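Trainee: The following comprises the amino acid sequence and a computationally predicted model.
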Amino acid sequence: MVVVRAFGWRRALPLLAGGYLIAWLAEWGSTAGPGVPFGVYHYRPSGLRSDLRVVGVPLFDSLSFTWLAVSSFTVLGRLGSRGVFRVVLTGIAMVAIDLVVDPVALRGGRWWLGSIYTYPQGSGVWYGVSLLNYVGWLAVGVAIALWTRLCLGDYPGSLRSPLTLSGLLLLAVMLQSTVLAALLGVGPSALGAVLILVLTGLLARRTAWPNPRPAELLVACALDAEAAACRRALGGPWERDPAHDLVRWRRPGGGVEVWATGTGPARARAAGALAPPGARVLVAGVAGALRDSWATGTLAVAGRLLAEGREPVDLDLGITSGLGALEGARLATIASVGAVVDDPRERDRLRSLGADLVEMEMAGWSSGRALAVGGLRVVLDRPSDPLGPLAGLVAEGRRGASPLRVVGLVARRPALLAALIRLGGRQQRVLAELGRAVAHAVPLLMGGEGRTVGPAEPVAGR
C-alpha cells in the first residue's frame with residue numbers, strides 16, 4: 001500500500017508481480033531445477049506445512065525478495081545514488097543482508113521459524129550457507145532493482161512514507177537477525193553484514209547526484225506521453241519524483257523540471273500549489289482546433305487566454321522573438337475549459353468568443369499562487385477531423401488512457417479499432433513536434449526575461 005499511495009496501482013502491481021516472478025524463478029531453479037542461481041538447496045515439506053507454496057516454493061519467501069530490494073533501492077536513493085550505481089549497490093546491499101539472514105534461517109530449528117530448508121552435505125562455506133547462494137542474491141537483487149527502476153523510475157528516495165517504511169523494515173530485519181545470530185553462535189555473520197552495509201552506504205554517497213538547483217522553469221504537461229516527448233527532446237538523464245497525483249521529472253543539476261499533472265484544471269491548480277516560489281511555468285501539450293484553418297500538427301504559441309468567469313489575458317511569453325526559428329508556429333487564442341469539448345455546438349460557441357484552440361490546463365495554472373509563463377500547444381484534432389468517441393479515452397485527472405478503458409471501448413465498438421490505430425500514429429507525429437518546440441523554447445525562457453502572468457480578474461455578469 002505504501003508504493004500504491006506514492007505511485008498508484010498501475011505501477012505498484014506490475015512491480016509486485018515482476019519482482020515476485022524474478023524471485024520465484026530463482027528459487028524454483030535452485031530447488032527443483034539445475035541449481036541456478038543460488039546453488040542446490042531443498043525445502044523441507046515437514047517444515048512448511050502451514051505455509052502457502054507455489055510449486056514447492058513458499059509464497060512469502062519469494063515476496064520478501066521484492067520488499068527487501070525495493071526498500072534497499074529507496075534508502076540508497078535517499079543517500080543520493082542514481083542510475084546503474086544504484087542498481088548494483090542494491091544487489092550488494094541484498095547480499096549484505098543475507099550474510100546474516102541465511103545463517104540464522106538455516107538454524108531455524110532452534111527458534112520459532114523451524115527447519116525449513118537444507119544444503120547438500122559439505123556445500124556450505126559461510127556458517128553452513130553455500131557461497132553460490134550469495135552470487136544468486138547479487139544477481140536477483142540487481143534484477144529486481146532494474147525492474148523497480150523500470151516500473152517506478154529513478155525516484156530520489158525522498159518520499160516520506162516509502163522512505164520511512166523502507167528504513168524501518170531494513171532496520172527491523174537487521175536487528176532481529178543480529179540478536180538471533182548472537183544467540184545462535186553465528187554473531188560474526190551479523191558483523192560482516194553490517195560492515196558491508198556501511199561500505200555500501202558510503203559508496204552510495206560517493207556516487208550521489210549533485211543537489212539540484214531550485215527549479216527556474218516547469219514544463220507542465222497533462223499526460224505522461226507529453227512529458228516523455230518533452231524529456232526526450234530536452235535530453236537526459238532525468239529522475240522521477242512522484243508527489244501526490246502528479247509526477248515530477250528533474251535533471252541532476254536542476255533548473256528545469258518536467259511535470260505530468262493529469263488532465264483538467266483541478267489537477268493543474270493542485271500542481272500549482274506545489275510549484276516552487278518564483279518558478280515559471282510553460283504549459284505544453286496537445287489541443288483541439290476550433291477552426292479548420294489550424295491543421296493537425298500545427299504548433300501554437302498561446303498569445304491570449306480565455307477562461308470562463310475571467311477576463312481574457314494577453315500572454316507575453318518572452319519567446320515570441322524566437323518564433324522565426326520554429327517553422328510553422330502561430331500565435332493562438334486559447335480557450336481553457338473544465339472538460340473535454342467534442343460537441344460541435346460548444347466548439348462553435350468558443351469559436352464565437354475568438355478562440356482558436358481548446359485545452360484544459362492553462363486556466364488552472366494561471367490561478368492561485370502559480371504563475372504561468374504561457375503555453376505551447378500542438379493541434380491533435382480539428383472540426384473536420386474530430387476525435388469522436390476517442391475523446392473520452394483519458395478520464396479527467398488521469399495522465400493517460402487506462403488499458404481497460406481502451407479494451408472496453410473497442411470491445412463495445414470494434415469498428416473504432418482502426419480509428420484508434422490511426423490516432424496512435426497521429427499522436428506520435430504531434431508529440432514529436434511538441435518535443436521540437438519545447439527543446440527550442442526552454443533555453444530561450446531560461447535565459448530570457450519573459451513576463452509571468454498572474455491570476456486574471458473575474459468578469460462581472462458572466
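Mentor: Perfect, thanks for sending it.

Trainee: From now on I want contacts and neighbour counts done on CA atoms only, so please keep to that.
Mentor: Will do.

Trainee: From residue 274, how far out is residue 194?
Mentor: Residue 194 sits 39 Å away from residue 274, going by CA to CA, to the nearest Å.

Trainee: Of the two, give the one with the bigger neighbour count.
Mentor: More crowded of residue 194 and residue 274, by other CA atoms under 10 Å: residue 194, with 19 against 13.

Trainee: The more buried one and residue 94 touch, don't they?
Mentor: No - counting by CA atoms under 8 Å, residue 194 stays clear of residue 94, with 11.7 Å between them.

Trainee: how near is residue 257 to residue 150?
Mentor: 20 Å.

Trainee: For those two, indicate the residue with more neighbours.
Mentor: Higher neighbour count among residue 257 and residue 150: residue 257, with 21 against 12, using other CA under 10 Å.

Trainee: Over to the more buried one: give its phi and psi.
Mentor: Phi and psi for residue 257, reported as degrees, to the nearest 10, are phi -130, psi 150.

Trainee: next one: the one 4 residues further on
Mentor: With angles defined as degrees, to the nearest 10, residue 261 sits at phi -100, psi -20.

Trainee: Helices along the stretch 101-250 of the chain, start to end?
Mentor: Under the criterion DSSP state H, counting those that start in this stretch, the stretch 101-250 of the chain contains helices at 131-152, 160-184, 187-206, 224-234.

Trainee: want to throw the ones you listed into TSV with mean pLDDT and distance to residue 420?
Mentor: Formatted as TSV, the helices of the stretch 101-250 of the chain follow (pLDDT from 0 to 100; distance: least, CA to CA, whole Å):
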stretch	mean pLDDT	distance to residue 420
helix 131-152	94	26
helix 160-184	87	37
helix 187-206	94	45
helix 224-234	95	16
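
Trainee: got a markdown table for these, with distance to residue 361 too?
Mentor: Formatted as a markdown table, those follow (distance: least, CA to CA, whole Å):
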| stretch | distance to residue 361 |
| --- | --- |
| helix 131-152 | 25 |
| helix 160-184 | 28 |
| helix 187-206 | 39 |
| helix 224-234 | 13 |
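
Trainee: tell me the domain ranges of this protein?
Mentor: 2-206, 213-447 (automatic domain parsing).

Trainee: gap between the two ends of the last one?
Mentor: Using CA to CA, the gap from the first to the last residue of domain 213-447 comes to 15 Å.

Trainee: For residue 70, which of the helices of the stretch 101-250 of the chain is the nearest?
Mentor: Of all the helices of the stretch 101-250 of the chain, it is helix 131-152 that lies closest to residue 70, at 6.8 Å by CA to CA.

Trainee: which residues are in contact with the closest one?
Mentor: Contact with helix 131-152 is made by 7, 11-12, 14-15, 18-19, 22-23, 26, 36-39, 65-66, 69-70, 73, 87-88, 90-92, 94-95, 98-99, 124-125, 240, as judged by CA atoms under 8 Å, 6 or more residues apart in numbering.

Trainee: Now do residue 49: how many residues are near it, please.
Mentor: Residue 49 has 10 nearby residues by other CA under 10 Å.

Trainee: circling back to that earlier point, ok, which of the helices of the stretch 101-250 of the chain comes nearest residue 364?
Mentor: Residue 364 lies closest to helix 224-234 among the helices of the stretch 101-250 of the chain, at 17.7 Å (CA to CA).

Trainee: quick one: low-confidence ranges for the protein?
Mentor: Applying pLDDT under 70 to the chain flags residues 1, 121-123, 157-163, 211-212, 243-245, 316-325, 367-372, 448-462.

Trainee: ok, back up a step: next step: the contacts of helix 131-152 restricted to helices.
Mentor: 7, 11-12, 14-15, 18-19, 22-23, 26, 65-66, 69-70, 73, 87-88, 90-92, 94-95, 98-99 (DSSP state H).

Trainee: Just the buried ones among those residues, please.
Mentor: In the ones in helices among the contacts of helix 131-152, burial by neighbour count holds for 7, 11-12, 15, 18-19, 22-23, 26, 65-66, 69-70, 73, 87-88, 90-92, 94-95, 98-99, counting by 16 or more other CA atoms under 10 Å.

Trainee: what's the closest of the helices of the stretch 101-250 of the chain to residue 107?
Mentor: Comparing those by CA to CA, helix 160-184 comes nearest, at 7.7 Å.

Trainee: the inter-axis angle of that closest one versus helix 187-206?
Mentor: 150 degrees (axes from the mean of the first three to the mean of the last three CA atoms, to 10 degrees).

Trainee: same for helix 160-184, what does it pack against?
Mentor: helix 2-7, helix 59-78, helix 83-106, helix 187-206 (3 or more CA pairs under 8 Å, 6 or more residues apart in numbering; DSSP states H and E).

Trainee: Reformat those as CSV; add distance to residue 155.
Mentor: Shown next, in CSV, are those (distance: least, CA to CA, whole Å):
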stretch, distance to residue 155
helix 2-7, 10
helix 59-78, 7
helix 83-106, 10
helix 187-206, 15
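
Trainee: of those, which approaches residue 231 most closely?
Mentor: For residue 231, the closest of those is helix 83-106, at 16.5 Å, according to CA to CA.

Trainee: Show me what the closest one is packed up against.
Mentor: Packing partners of helix 83-106 (3+ CA pairs under 8 Å, 6+ apart): helix 59-78, strand 129-130, helix 131-152, helix 160-184, helix 187-206.

Trainee: Nearest to residue 407, out of those?
Mentor: helix 131-152 (21.9 Å).

Trainee: for the closest one, which positions count as buried?
Mentor: Within helix 131-152, judged by 16+ other CA under 10 Å, the buried ones are 132-149, 151-152.

Trainee: and it with helix 83-106, angle?
Mentor: Using the same axes, to 10 degrees: helix 131-152 against helix 83-106 is 130 degrees.
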